[in-house]
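# The following block contains a protein sequence and its predicted model.
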Amino acid sequence: MIGCMQCTLARRSFLQLGAMTLAASAAGPALAQSARAGIIDFHTHMITPDLPVNLLPSMRSLKLEQWLQAMREPRLHIEHMERVGVGSHVVSFGNATQGISWGDAQHDLRVVRGINDRIARDWVARNPGRFHGAATLPTQDVKLAIGELERAVTTLGFRVLQISSNTVDGIYYGDPRMDPLWRAIEALDVTVFVHPHGQENAPPLDQFSLANSVGQGIAELKVMTSIIYNGVFEKFPKVKIVVAHGGGFLPHYYGRLDRNAAERPETGKNLKKLPSEYLKSFYFDSCVYSPAIMAALIEIVGVERIVLGGDVPVGEPDPVAALRRTPGLTPAQFDMITRETPSRLLAQRA
């Protein structure tokens, strides 16, 4: 019965996208081009055939092979853009699909250099205007990571860095040991995109694909609180951090942080304001799978802190249509989320 339900949902999504494609064709190419001009999806993924797929069993899906093919081929990304009315993708390595480490730091440096070169060559350079590359780094060695970040920015022209929620050593990015990396990020004026690698497939997350469904939100909560409480925004006020999946649970559970700030004031030793106020120091993508949650996120953090994020090819079949379903969303707010804010995050400071 579950398999039948999933097949029905998959067919429904395919038919909906087909109907949208026909409608766009009937309206004429000029209108379709105008509609998508400048729309940027900040959350899309690629994988490389040089590495194996490394998914937990609970994270596998009936659509797995379809997703993997789409992550290997820029052409399929572009076809998706044409269907849903998007101009360009910020494309990052599929860390939840192929892992965040494959050996020691020197080996990982060679691997991530290959990943970054592939994005720059096969995705960005061969498809002008359609892709913005996001770099990946061997963050278990901060010195090596900084060197590769500098190369990715100055040689490859990347404006985005993707990090996981933690390093392969289990260090979260607010840890003071990461301060030299944040200093380099701020100096190079790179926007950071946080995409969780996931949670261990262990109790209580070992059934019902919970390591993927709620585990990602838990990972995002951990990295955001690590960044907030260790004072990253105080030490490096110009950093720009986008968190995937609307920031997971934290934007909707901040009240308890502020309660602790009053009852346990020592928890705020690195902070100059309430923990909840730092939520507006982050940016968030729109990949939340619920119009009501999207509306709440806008209310909590402000529309100017949100960018379009489709998690292509594994997320919303049509992230633009999903965003438009947000209750009360105005045309100006839609443009801010899909065009203005992502464009600003991709621009270099003068």
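Here it is on my side, so go on.
# The protein: strands as residue ranges?
40-46, 88-93, 131-135, 160-163, 191-194, 240-243, 283-285, 306-307 (DSSP state E).
# Mind putting those into a markdown table with distance to V214, mean pLDDT and mean neighbour count?
C-betas here are computed from N, CA, C, even on glycine. Conversion of those to a markdown table gives the following (distance: least, CB to CB, whole Å; pLDDT from 0 to 100; neighbours: other CB atoms under 10 Å):
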| stretch | distance to V214 | mean pLDDT | mean neighbour count |
| --- | --- | --- | --- |
| strand 40-46 | 19 | 98 | 28 |
| strand 88-93 | 22 | 98 | 26 |
| strand 131-135 | 25 | 98 | 26 |
| strand 160-163 | 21 | 98 | 25 |
| strand 191-194 | 17 | 98 | 24 |
| strand 240-243 | 16 | 98 | 24 |
| strand 283-285 | 18 | 98 | 28 |
| strand 306-307 | 22 | 98 | 28 |
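# Could you dump these into TSV and include distance to F233?
Output for the strands of the chain, formatted as TSV (distance: least, CB to CB, whole Å):
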stretch	distance to F233
strand 40-46	20
strand 88-93	22
strand 131-135	21
strand 160-163	16
strand 191-194	12
strand 240-243	9
strand 283-285	12
strand 306-307	18
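# Relative to P291, which of the ones you listed is closest?
Among the strands of the chain, strand 306-307 comes nearest to P291, with 13.4 Å by CB to CB.
# in its sheet, what does the closest one sit against?
Strand 306-307 pairs in its sheet with strand 283-285 (parallel), by DSSP bridges.
# Other residues contacting the strand it pairs with?
With contact meaning CB atoms under 8 Å, 6 or more residues apart in numbering, strand 283-285 is reached by 42-43, 240-247, 251, 297, 301, 305-309, 341, 345.
# And it, how far out from the chain middle?
How far strand 283-285 lies from its chain's middle: 8 Å, per CA atoms, centre = their mean, to the nearest Å.
# One more: stretch 184-191?
17 Å.
# just stretch 186-206 next, same as before
Centroid displacement of stretch 186-206 relative to its chain, using CA atoms, centre = their mean, is 9 Å.
# buried sites along that stretch?
186, 188, 190-199, 201, 205 (16 or more other CB atoms under 10 Å).
# Now T341: closest residue in space that isn't a chain neighbour?
Spatially, and ignoring its direct neighbours in sequence, T341 is nearest to V307 (5.3 Å; CB to CB, 6 or more residues apart in numbering).
# Kindly apply the preceding question to I40 instead.
Excluding the flanking residues, the one nearest I40 by CB to CB, 6+ apart is P342, at 3.9 Å.
# That neighbour: what's it in contact with?
The contact partners of P342, taken as CB under 8 Å, 6+ apart, are 40, 42, 90, 307-308.
# In CSV, list these along with distance to D108.
CSV is the format used below for the contacts of P342 (distance: CB to CB, whole Å):
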residue, distance to D108
I40, 29
F42, 25
V90, 22
V307, 28
L308, 31
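# Check these against L68 and report the nearest one.
Closest approach to L68 among these (CB to CB): V90, at 19.8 Å.
# Bridge partners for the closest one, pull those for me.
H132.
# in terms of contact, does it touch H132 like I think?
Yes. With contact defined as CB atoms under 8 Å, V90 and H132 form a contacting pair (4.6 Å).
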